[in-house]
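Undergrad: Structure, please.
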Amino acid sequence: MPTPTVASSATKTETSRTSATEVELRTQPDTWRQALALLPAALTQLPRPEERVLVVGCGTSWFMAMAYAALREAAGQGVTDAATATEASPARRYDRIVALSRSGTTSEILDLLRATQTPSVLITAVAEGPAAAHAGSEIVLDFADETSVVQTRFATTALALLRASLEEDLTAAIADAEAVLALEPSTELVGAEQVTFLGTGWTKGLADEAALKMREATQSWTESYYAMEYRHGPIAIAEPGRLIYVLGSAPENLEAQVAATGASWVASGLDPLAQLVAVHLWAVRRAEQRGLDPDSPRHLTRAVHLTP
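TA: You can find the predicted model right below:
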């Protein structure tokens with residue numbers, strides 16, 4: 001089966017309104033630039049080289065934590081673990097905790113910060129929330145806050161800031177994000193029966209997040225794996241009409257193996273964070289095609305508050 005076109009210059013099909021999710025996701029290049037302007041001040045709060053660090057979040061924020069943890073270790077900055085807040089191991093000791101919470105009210109984050117004496121910093125979109133009261137400091141990305149339930153710009157803006165803190169130049173990433181937002185997702189992508197997202201290293205967190213976005217917004221069957229692990233079983237579901245989307249680089253010969261199944265292969269070569277932005281728009285169009293409201297995914301709320 002031929003590789004599908006990732007995007008086209010076609011304009012959006014007319015709908016009754018533009019969703020809040022789409023309005024917000026389209027601001028990502030600008031919110032990334034705003035985050036970079038905060039970098040000098042943020043560096044005084046973020047982990048220092050050689051510190052042992054735990055990065056925590058829930059849902060989307062956990063996947064951003066995974067990406068940052070892998071990037072920090074790869075940059076030689078020190079041991080960095082990522083965990084969803086309820087699964088952080090009490091047997092491990094850290095020099096600093098970085099907590100990600102868009103609302104600053106997430107119950108699991110609040111509980112973890114309340115229970116630890118480890119120095120911590122909260123990255124949030126809402127200043128002085130309940131979690132901030134238990135964090136050593138907070139970095140507020142209020143310009144990236146969202147009304148939508150489905151996270152897009154806050155998550156990528158937090159990761160953009162964290163990537164920049166590791167001395168990454170995000171100029172190309174911002175340009176790539178602007179490029180993907182100037183195009184419409186192709187009909188092949190929007191109409192695919194099933195999608196599997198693959199990543200390697202730090203992009204595995206992005207693959208997990210891409211799959212989550214599709215599930216949340218479109219009620220689709222999506223999966224995510226480490227790219228090298230895909231051949232160890234999951235490739236069994238590949239067939240015509242299904243799609244494999246690679247964030248970042250792919251293992252040698254994997255594309256040929258996927259082609260032999262009849263499934264479609266997408267690997268754009270863009271910055272992986274920009275690829276995630278493309279998935280955001282793709283998910284909105286897929287939701288619209290299915291008659292779903294991307295602003296109101298079923299069974300979900302903007303923040304998770306657990307009661308005893």
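
Undergrad: Lowest mean pLDDT among the helices and strands, pick that one out for the protein.
TA: strand 7-8 (a mean of 58; mean pLDDT, DSSP states H and E).

Undergrad: Mind giving me the packing neighbours of the helix or strand harbouring V279?
TA: Secondary structure assignment for V279, by DSSP states H and E: helix 272-289. Helices and strands touching helix 272-289, by 3 or more C-beta pairs under 8 Å, 6 or more residues apart in numbering; DSSP states H and E, are helix 20-25, helix 153-165, helix 171-181, strand 184-185, helix 187-190, helix 203-218, strand 242-247. For glycine as for every other residue, the C-beta is placed from the backbone atoms N, C-alpha and C.

Undergrad: Kindly export the third one (C-alpha atoms) in CSV.
TA: The reference is to helix 171-181. C-alpha atoms of helix 171-181 as CSV (Å, rounded to 0.1, in the frame of the first residue of the first chain):
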residue,chain,number,x,y,z
THR,A,171,14.2,27.3,16.1
ALA,A,172,13.6,24.4,13.8
ALA,A,173,10.9,22.9,16.0
ILE,A,174,9.0,26.2,15.9
ALA,A,175,9.3,26.5,12.2
ASP,A,176,8.2,22.9,11.7
ALA,A,177,5.2,23.5,13.9
GLU,A,178,4.2,26.5,11.9
ALA,A,179,4.6,24.5,8.7
VAL,A,180,2.3,21.6,9.8
LEU,A,181,-0.4,24.1,11.0
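
Undergrad: quick one: that helix to helix 153-165, angle?
TA: Per axes from the mean of the first three to the mean of the last three C-alpha atoms, to 10 degrees, the angle that helix 171-181 makes with helix 153-165 is 160 degrees.

Undergrad: What is helix 171-181 packed up against?
TA: Partner elements for helix 171-181 (3+ C-beta pairs under 8 Å, 6+ apart): helix 28-37, helix 272-289.

Undergrad: which residue ranges form the strands in the stretch 51-200 of the chain?
TA: Residue ranges of the strands in the stretch 51-200 of the chain, as given by DSSP state E, counting those that start in this stretch, are 53-57, 80-84, 96-101, 120-124, 137-140, 184-185, 194-199.

Undergrad: which regions of the stretch 151-300 of the chain sit below the pLDDT cut-off?
TA: 297-300 (pLDDT under 70).

Undergrad: what about 80?
TA: Where the stretch 151-300 of the chain drops to pLDDT under 80, the residues are 293-300.
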